[in-house]
Structures are given as structure tokens and as C-alpha cells.
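Peer 1: Here is my input, please return the structure:
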Amino acid sequence: MEFSRACHGLRRTGMRMTLAMITISEIAAEAEIRRCLPVMRLLRPHLKPDDDVVVGRIVRQMADGYRLLALLDGAEVRALAGFRFQENLVFGRSIYIDDLVVAPEARRQGHAETMLAKVREIALRAGLQVVALDTALANVGAQKVYERCGYETVAYHLIQRLPD
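Peer 2: From the prediction side, this is the model:
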């Protein structure tokens, strides 16, 4: 399912300008998920190298409401945003962004901002008032992007690792 019309823009390649065809599509089919794995593994390098295991995990998450958007430059996956609707006592109904990643060669082109804006649009259409996400404390670059996009730091996300 395509969420928005294609955006056309010029990209500088050396001394040439080329026309870029950017689209944002919702990913649902297993073959589409497989195309996204190289970019997803940039954010989640701990994922097992067996594509079938990772695709199975994403499909199970989708059965529980996880949605995956891909920003495509022509046929190439350049950015991903994985999110889900949730409800809790802190924010009520909201969207939580589990995964946001841009391929290194596509960074500094506004793709993260585009993906955040698309998720925001989905939240507004659903009548929600909060979009939440976590980021690593060391990921200062991403934090700057989130702040520019109107996100504020309201908590620390803490975990306790349990024995196997």
C-alpha cells in the first residue's frame, strides 16, 4: 500500500543532476520484507544472519500490529520506519516507533525527517496525540534529528537483562 504520492527531486551526483523518484510504501509481503533486511540490519546488527528467522519474526510482529514503511528511491530501500499502535496509562493511545533507520549512503537527505512526518501523519489521522520512540544515549546525531522534528526527552528507557 502506498501512503503518499511520489516526491520528485533533483539529486546532485558529482557534477550531474539526476531525477530521483522517492516513494513511501507499507511493506507487508515476505518478499518485500526480505528486500528491507539489509537496511534493517544496519539498525539491528544482532539479528540472526538467517533471513527466514528474521522474516518470520517480523511477520509475527505484524500479526500483533507492527507496521513497516519503506522509503524507496526507485527500487532501492533507503529508509525504514517500523511502528505500532499502543495504549498505556502514560500516553493513552499512541504510536510507538520501534525502528527508524536510513542507509548510510542516503543520510543527510531528509529521509529520517520524511519517515517521521509520515508516521506523524498516520497518528494524526487516527486522532492520536503522541508519537513515541527510544534512541540510544550515544546516538547524538539521531537525537538532534528528533529534536528538530519536535520530539522531547521525557524519560529514560531502562531494561534488565534476564538469564537465558
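Peer 1: Extract the CA atoms of stretch 149-157 and return them as PDB.
Peer 2: What follows is stretch 149-157, C-alpha atoms only, in PDB (Å, rounded to 0.1, in the frame of the first residue of the first chain):
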ATOM      1  CA  CYS A 149      11.200  17.300  14.400                       C
ATOM      2  CA  GLY A 150       9.600  18.300  17.700                       C
ATOM      3  CA  TYR A 151      10.400  15.300  19.900                       C
ATOM      4  CA  GLU A 152      11.300  16.000  23.500                       C
ATOM      5  CA  THR A 153      13.200  13.900  26.000                       C
ATOM      6  CA  VAL A 154      10.700  12.900  28.700                       C
ATOM      7  CA  ALA A 155      12.200   9.700  30.200                       C
ATOM      8  CA  TYR A 156      15.000   7.200  30.200                       C
ATOM      9  CA  HIS A 157      14.100   3.700  28.900                       C
END
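Peer 1: what sits up against that stretch?
Peer 2: 113, 116-117, 131, 133-134, 143 (Cβ atoms under 8 Å, 6 or more residues apart in numbering). C-beta here means a position set from N, CA and C on the backbone, and glycine is covered the same way.
Peer 1: try 10 Å this time
Peer 2: 90-91, 97, 112-113, 115-117, 120, 130-137, 143, 145-147 (Cβ atoms under 10 Å, 6 or more residues apart in numbering).
Peer 1: now the helix or strand containing L42: mean pLDDT?
Peer 2: Assigned by DSSP states H and E, L42 falls within helix 30-43. For helix 30-43, the mean per-residue pLDDT is 96.
Peer 1: Please apply the same query to stretch 49-68.
Peer 2: pLDDT averaged over stretch 49-68 gives 96.
Peer 1: Report the buried residues of it.
Peer 2: Of all the residues in stretch 49-68, those buried under the rule 16 or more other Cβ atoms under 10 Å are 54-55, 58, 61-62, 66-68.
Peer 1: Go through those and flag which are in helices.
Peer 2: 54-55, 58, 61-62 (DSSP state H).
Peer 1: Return the alpha-carbon coordinates of stretch 55-73 using CSV.
Peer 2: C-alpha atoms of stretch 55-73 as CSV (Å, rounded to 0.1, in the frame of the first residue of the first chain):
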residue,chain,number,x,y,z
VAL,A,55,11.3,-12.5,8.2
GLY,A,56,9.4,-14.9,10.5
ARG,A,57,9.9,-12.6,13.4
ILE,A,58,8.7,-9.6,11.5
VAL,A,59,5.7,-11.4,10.2
ARG,A,60,4.8,-12.4,13.8
GLN,A,61,5.2,-8.8,14.9
MET,A,62,2.9,-7.7,12.0
ALA,A,63,0.3,-10.1,13.3
ASP,A,64,0.4,-8.2,16.5
GLY,A,65,0.1,-4.8,14.8
TYR,A,66,3.6,-3.9,13.8
ARG,A,67,3.7,-1.9,10.5
LEU,A,68,6.7,-1.3,8.3
LEU,A,69,7.2,1.7,6.0
ALA,A,70,9.9,1.8,3.4
LEU,A,71,11.3,4.9,1.7
LEU,A,72,12.2,3.8,-1.8
ASP,A,73,14.5,5.6,-4.2
